[in-house]
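*Asks:* Sequence first, then the predicted structure, then my questions.
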Amino acid sequence: MKDYEIKKIEPLAIEAESFRIIESELGAERIAKFSRQEFAVVRRCIHATGDFSFADNMRFSPGAIAAGLAAIRAGKNILVDINMAASGISRGLLEKFGGRVLCRIGDAETASMASREKKTRSEAAMERAVNDNIGIVAIGNAPTALLKVMELVAGQGFAPDLIIGVPVGFVNAAESKDILCRQSYPFITALGRKGGTPVAVAAVNALLRLA
């Protein structure tokens, strides 16, 4: 049986030590591909997942970080696709700027709309939030939600400042993110099948800490 060395680290130092390990294992060359603020997002996504491939597959549109920070500082709301994401975002950091985390997926009206219009609840939830002063949309679970948001931006006047689109999965996840990368508005994404709610939450929380 292999012996393991368990490090004794003060609770408040665990995150800092984790970040040190991440930076050490990535190396300066991979880190240098990103701006300082972009790397703060990438590093927190790696920290949330233990997956160093996010250093290779994350993409930022020009001005994405600045757009996200401006939205937060302006007190705009953050729209997420599922309740797990809403639970993970640091509400205290957001609320000091006056913003709120919104998730419409569990609303009775969302379910009724989805049934009535024969669409997914994720799609209906995005539609119902169009007029809710949304600054950032963060999607980690449902490709249908990301596709719907892009449709709303293209045709119905929805204008969030930043879209964080990192849905995970095998059906339309990679494809929806490829489409996002072709848009002219600010976005953060992770190419391929990988992603997920922890990644979306990590990206939002990184921005909140930068703000």
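*Replies:* Structure received.
*Asks:* outside of the worst-scoring helix or strand of the chain on mean pLDDT, which residues touch it?
*Replies:* Across the helices and strands of the chain, the lowest-confidence element by mean pLDDT, DSSP states H and E is helix 108-117, at a mean of 89. With contact meaning Cβ atoms under 8 Å, 6 or more residues apart in numbering, helix 108-117 is reached by 104, 119-121, 123-125, 127-128. (C-beta placed from N, C-alpha, C; glycine too.)
*Asks:* unless I'm mixing things up, Thr120 is touching Thr144, no?
*Replies:* Yes: assessed by Cβ atoms under 8 Å, Thr120 is found in contact with Thr144 at 4.8 Å.
*Asks:* quick one: contacts for Asn57?
*Replies:* By Cβ under 8 Å, 6+ apart, Asn57 lies in contact with 190-192, 194.
*Asks:* Which of those fall in strands?
*Replies:* When DSSP state E defines the strands, the subset of these inside them is Ala190.
*Asks:* quick one on the thing from earlier: can you turn the buried part of the contacts of helix 108-117 into a ChimeraX selection?
*Replies:* To isolate the buried members of the contacts of helix 108-117 in ChimeraX, using 16 or more other Cβ atoms under 10 Å:
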select :104,120,121,123,124,125,127,128
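*Asks:* Which ones among the contacts of helix 108-117 lie within helices?
*Replies:* 121, 123-125, 127-128 (DSSP state H).
*Asks:* which of these lies closest to Glu17?
*Replies:* Comparing the ones in helices among the contacts of helix 108-117 against Glu17 with Cβ to Cβ places Ala125 closest, at 38.0 Å.
*Asks:* And the closest residue to the closest one other than its chain neighbours, how far from Gly88?
*Replies:* Spatial nearest neighbour of Ala125, excluding adjacent residues (Cβ to Cβ, 6 or more residues apart in numbering): Arg104 at 3.9 Å. Distance of Arg104 to Gly88, computed by Cβ to Cβ, to the nearest Å: 17 Å.
*Asks:* can you give me the strands for this protein?
*Replies:* Using DSSP E, strands in the chain cover 58-60, 77-80, 101-102, 134-139, 162-165, 187-190.
*Asks:* Show me what the fifth one is packed up against.
*Replies:* To tie it back to what came earlier, the one meant is strand 162-165. Applying 3 or more Cβ pairs under 8 Å, 6 or more residues apart in numbering; DSSP states H and E, one finds that strand 162-165 makes contact with helix 64-73, strand 134-139, helix 143-155, helix 173-181, strand 187-190, helix 197-210.
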